[in-house]
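Q: All I have is the shape, not the residue letters:
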């Protein structure tokens, strides 16, 4: 394993790990606040039980999210000093903005978790609201940094005369930012909602069909359905932005090797980068041209338009993209199936099993979507400007650090799952109820 | 009257954030140390007092560290790039400490069951305590390293022999001094949040840590003269010397206040002493970020980036100051150990 690969793997692994907790930080507080609000309105005990149990689970998830997020701000420098030297002050604006949001989140998490007995019920509920706002806000703001790495808005000024480059507008007037921020944040809501659906559907499969679980599943699916439907819509915007700003990435996502008029949409398949063909894909003629440019006859730039040294890893990008789209589609279908089940007043075993699958699928969509974004950007760390290889630390022996992080996070992840598993067994986390 | 440049303002801001982290986050590390060292018939009581004191606030206190990091790479990107290469190993260890400390604290507070003596609780507790003790030592050593001159930039490349900058006697002593300060702050704060014999436990611990702090501060000086002569020299100059002496005297005074059981005075003085010592270091370190190759003015980001941070500050403060006030008002407003009468439970209304 080369140093560069080890650094990339460490970054990918620790960021992929953090993302799970960050996603919960976006969606969980909303459900918590809605549930507590419903309790205040209706005085139905099960909403209070849910709010308290979710608050406890959220405490563990937020804590791990906070420390794994700290790790990332260290690692950006530790692993990529060349990048931070070049772009630190630019992306820093995004981190400062995100820092404020995260600070608010941390403060109100403390108030919410420990404030049950100390604040009036209404005041306690109100302390949840800043968490539900700051979570998605910090996600959206930090995506501003990633959006800039994908489409370095204002880079010409920065390269010509750094003292004339206004960093805030560079980051937040970047046309790529709102599109990415929206799609990523929606994906976080979907991931949280379906993960919760998984847990309670599993409980129902085991025969625990009480009011608490029914209410939990219902709330989760209300959020989940909205997010699942919004995902392909925001994803379409995202795809069109990629087509405009990163044509090579789009070509990698769809394994479009040659520049072609009326390029087909390839569903599934495995790309052969040597032969420049795709085996086993279902092709919809003109589909890619239509999705990317709104016309089935439009020309799509192929990978062959750039030297292979500027290609990202095609199989990873292609397969991740297919997995993201596939699981996103499955989520929409599962959500619709649930509402059909509600209409018929029967949540059958088949539906419950599908709901159990929905959480893993939603996280698969989140992670693979992110893989498409970042692996598809390679070999650049700042698209078209700085290569990842030029940003990596000169320190040797990185594989050891990578393996140490894998071991540490494996331990943390196992512990979290083990602790959270006891929610549904009624042991510790619902003890408050 | 010298007008500070945006770079100066950013450096002062970084020092302010570092101070906040030392006073709040530092005390949380100290809490972990006292958790590790909990002993006697009230060991369990000590641990729960620490948990109760830290629980609501430690996440917020931790954010100061993230803020410091972000501020450094935004305002001083080239210095940040040098420090992360020069201190690659110790910063990874800091990271390990931060992760283990936070994770084991939440695992213990929100997950592990079976009472305080259950094996799992003990494992998380031990990890929490050990990580809390090691991390401030490393952070203190890192601070000493950027003042000692062991991290050099030669022809654009960072030259820092492993260990040479952060494992000198001076750096290790400064690390231990940081640990003593954190432990002292924690014990002094905890005397306010406890009562009776528990309060007496923390009083004794504060006295022990306070004596340790004073002794280590005295021992640190000759080592500094040897390993970081420039810092030593500048600490004795008029700009920094009053802060050094003042910090030292404040530490003694707060120790006396702990001894006399005037705890609120002791808490205020202990915090002031920490502020004075840190700012003494800051003034002596000035104008360098990383001595001797990176000064505040040369390492600073371009002007627009610096102004950006300085302009967003009031907006951020508008959000943070009331929020932090609320947090500390609710949980630290009066001796939390006195407890409050439980609020009457709202009478259930019939469901609509």
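A: Cool, the structure landed. Here the structure is a predicted model, which is why all the values come from computation and not from measurement.
Q: Would you mind finding the longest helix in chain A?
A: Secondary structure of chain A read by DSSP state H shows that its longest helix is helix A:3-42.
Q: So is that one next to chain B?
A: Yes. Under the criterion of Cβ under 8 Å from any Cβ of the partner chain, chain B is reached by helix A:3-42 at A:41, A:42. From N, CA and C alone the C-beta is placed, and that goes for glycine too.
Q: What helices and strands are in contact with the helix or strand following that helix?
A: With elements assigned by DSSP states H and E, the helix or strand that comes after helix A:3-42 is helix A:45-79. In terms of contacts (3 or more Cβ pairs under 8 Å, 6 or more residues apart in numbering or on different chains; DSSP states H and E), helix A:45-79 is packed against helix A:3-42, helix A:81-114, helix A:211-245, helix A:398-424, helix B:58-75, helix B:77-86, helix B:88-106.
Q: between those helices, which one is nearest to residue B:18?
A: Residue B:18 lies closest to helix B:58-75 among the helices and strands packed on helix A:45-79, at 5.6 Å (Cβ to Cβ).
Q: Okay, buried residues for the longest helix of chain A please.
A: Using 16 or more other Cβ atoms under 10 Å in any protein chain shown as the test for burial, helix A:3-42 gives A:3-4, A:6-12, A:14-15, A:17-36, A:38-40.
Q: Low-confidence ranges, chain B, go.
A: Low-confidence segments of chain B, defined by pLDDT under 70, are located at B:1-2, B:111-117, B:333-352.
Q: Which single residue in it comes nearest to chain A?
A: Residue nearest to chain A within chain B: residue B:74 (2.5 Å; Cβ to the nearest Cβ).
Q: got the contact list for that residue?
A: Residues in contact with residue B:74 (Cβ atoms under 8 Å, 6 or more residues apart in numbering or on different chains) are A:88, A:89, A:92, A:93, A:95, A:96, B:301, B:305, B:309.
Q: Name the nearest of those relative to residue B:104.
A: Nearest to residue B:104, judged by Cβ to Cβ, of those is residue A:95 at 26.6 Å.
Q: Could you double-check that that closest one lies in contact with residue A:142?
A: Yes. Using Cβ atoms under 8 Å as the test, residue A:95 is close enough to residue A:142 to be in contact (7.3 Å).
Q: Identify the single longest helix in chain B, thanks.
A: Counting residues, the longest helix in chain B under DSSP H turns out to be helix B:196-227.
Q: What are the buried residues along that helix?
A: Buried positions in helix B:196-227, judged by neighbour count with 16+ other Cβ under 10 Å: B:198-199, B:201-203, B:205-207, B:209-210, B:212-214, B:216-217, B:220, B:223-224, B:227.
Q: Which ones, among the residues you listed, also lie beside chain A?
A: Within the buried residues of helix B:196-227, nothing lies near chain A by Cβ under 8 Å from any Cβ.
Q: residue boundaries of the strands in the stretch 251-400 of chain A?
A: Ranges of strands within the stretch 251-400 of chain A are A:260-261, A:265-267, A:270-272, A:277-279, A:282-284, A:299-300, A:380-382, A:386-387, based on DSSP state E, counting those that start in this stretch.
Q: so what pLDDT did the spatially closest residue to residue B:88 that is not a sequence neighbour get?
A: Spatial nearest neighbour of residue B:88, excluding adjacent residues (Cβ to Cβ, 6 or more residues apart in numbering or on different chains): residue A:395 at 4.7 Å. Note for residue A:395: predicted pLDDT of 86.
Q: I'd say residue A:395 and residue B:91 touch.
A: No. Applying Cβ under 8 Å, one finds residue A:395 not in contact with residue B:91, separated by 10.9 Å.
Q: Low-confidence bits of chain A, can you list those?
A: Residues of chain A that meet the cut-off, pLDDT under 70, sit at A:422-433.
Q: neighbours around the residue of it found nearest chain B, how many?
A: Closest contact between chain A and chain B, by Cβ to the nearest Cβ, is at residue A:92 (2.5 Å). Neighbours of residue A:92 under the rule other Cβ atoms under 10 Å in any protein chain shown: 29.
Q: Contacts only, for it.
A: Shown in contact with residue A:92 (Cβ under 8 Å, 6+ apart): A:167, B:70, B:71, B:73, B:74, B:75, B:77, B:301, B:305, B:309.
Q: Need the three-state assignment for the closest residue to residue B:85 other than its chain neighbours.
A: Ranked by Cβ to Cβ, 6+ apart and with sequence neighbours excluded, the top spatial neighbour of residue B:85 is residue B:158, at 4.3 Å. Following DSSP: H, G, I helix; E, B strand; the rest coil, we place residue B:158 in the strand state.
Q: Name the residues of the host helix or strand of residue A:182 that are buried.
A: Using DSSP H and E, residue A:182 falls within helix A:176-205. By neighbour count on 16+ other Cβ under 10 Å, the buried set for helix A:176-205 is A:176-204.
Q: How about stretch B:304-323?
A: Going by 16+ other Cβ under 10 Å, stretch B:304-323 has these buried residues: B:304, B:305, B:306, B:307, B:308, B:309, B:312, B:316, B:319, B:320, B:323.
Q: nearest residue to the fourth one other than its sequence neighbours?
A: Meaning residue B:307. Closest residue to residue B:307 apart from its sequence neighbours, by Cβ to Cβ, 6+ apart: residue B:6 at 5.6 Å.
Q: number of nearby residues for the one you found?
A: Counted with other Cβ under 10 Å, the neighbours of residue B:6 add up to 19.
Q: Also residue A:116?
A: 14.
Q: quick one, phi/psi of it?
A: Dihedral angles of residue A:116 (phi, psi; degrees, to the nearest 10) stand at phi -50, psi -50.
Q: quick one: it and residue A:124 touch, right?
A: Yes. Using Cβ under 8 Å, residue A:116 is in contact with residue A:124, at 6.4 Å.
Q: one step back: and the helices and strands packed on helix A:45-79 as a markdown table, adding distance to residue B:125?
A: Formatted as a markdown table, the helices and strands packed on helix A:45-79 follow (distance: least, Cβ to Cβ, whole Å):
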| stretch | distance to residue B:125 |
| --- | --- |
| helix A:3-42 | 23 |
| helix A:81-114 | 19 |
| helix A:211-245 | 32 |
| helix A:398-424 | 14 |
| helix B:58-75 | 15 |
| helix B:77-86 | 32 |
| helix B:88-106 | 7 |
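Q: Out of those, flag the one nearest residue A:376.
A: Among those, the nearest to residue A:376 by Cβ to Cβ is helix A:211-245 (7.9 Å).
Q: can that closest one be found next to chain B?
A: No. Using Cβ under 8 Å from any Cβ, helix A:211-245 stays clear of chain B, coming no nearer than 11.4 Å.
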